[in-house]
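A.B. asks: Quick one: sequence plus predicted model below, questions after.
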Amino acid sequence: MSDTTLKSKFLMLQEALRKLSIIHKKSKKEFLEDFLISDTAIRNLQVSIESISDIGNYLLKRNSDTIPQTRVEIFQLLCRHGYLPNEMEDVLIEMARFRNLIVHRYDSIKLEMVYSILQEQLSFLKEVAVIMSDKIGGI
């Protein structure tokens, strides 16, 4: 991955987190009743998770011989190699699985679950983004 692509991934991540921060303030009723809000949340959660895993994959490839095969494996290795705190691993794995649900099993997405993830995990995703930016060198 080139430096330009890496910066682009970080910019996409920052923009997705910014949009999610706006949606985070919406009531559950607004979220469930307005497809523009819920669809925007779903898309930006996907972009956030994919950006984090792409950046993580870059870190792993840059600094080790290990080549992860899945997003779950990327997150496991990031924690095991000290790029992210070990206590983040379980939530990151759940985020990877949620991303897979969005992409592959979109017909089984429950908006209540999406709202819950947004409310409970947005600060977590922001924290991961900050840590990864620091590991890369403050991009």
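C.D. replies: Nice, thanks for sending it over. Residues are numbered from 1 along each chain as shown.
A.B. asks: going forward, measure contacts and count neighbours with C-alpha atoms only.
C.D. replies: Fine.
A.B. asks: Can you tell me how far the most centrally placed residue in the chain is from residue 29?
C.D. replies: Centroid check for the chain by Cα atoms, centre = their mean gives residue 49 as the closest residue, at 2.1 Å. Counting by Cα to Cα, to the nearest Å, the separation of residue 49 from residue 29 is 25 Å.
A.B. asks: so what's the closest residue to residue 86 other than its chain neighbours up against?
C.D. replies: Residue nearest to residue 86 in three dimensions, not counting chain neighbours: residue 79, with 4.9 Å by Cα to Cα, 6 or more residues apart in numbering. Residues near residue 79 by Cα atoms under 8 Å, 6 or more residues apart in numbering: 85-86, 88-89.
A.B. asks: how about the residue nearest to the centre of the chain, what does it touch?
C.D. replies: 95-96, 99.
A.B. asks: which of these lies closest to residue 70?
C.D. replies: residue 96 (9.0 Å; Cα to Cα).
A.B. asks: okay, the host helix or strand of the closest one in CSV with CA atoms only?
C.D. replies: Residue 96 belongs to helix 89-104 when assigned by DSSP states H and E. Provided in CSV are the C-alpha atoms of helix 89-104 (Å, rounded to 0.1, in the frame of the first residue of the first chain):
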residue,chain,number,x,y,z
GLU,A,89,-9.5,-8.1,20.5
ASP,A,90,-12.9,-9.4,21.3
VAL,A,91,-14.7,-6.3,20.3
LEU,A,92,-12.6,-6.0,17.1
ILE,A,93,-13.6,-9.6,16.2
GLU,A,94,-17.2,-8.7,16.7
MET,A,95,-16.8,-5.7,14.5
ALA,A,96,-15.3,-7.9,11.8
ARG,A,97,-18.2,-10.3,12.0
PHE,A,98,-20.6,-7.4,11.9
ARG,A,99,-18.9,-6.1,8.8
ASN,A,100,-19.3,-9.5,7.2
LEU,A,101,-23.0,-9.5,8.1
ILE,A,102,-23.4,-6.1,6.3
VAL,A,103,-21.6,-7.3,3.2
HIS,A,104,-22.7,-11.0,2.9
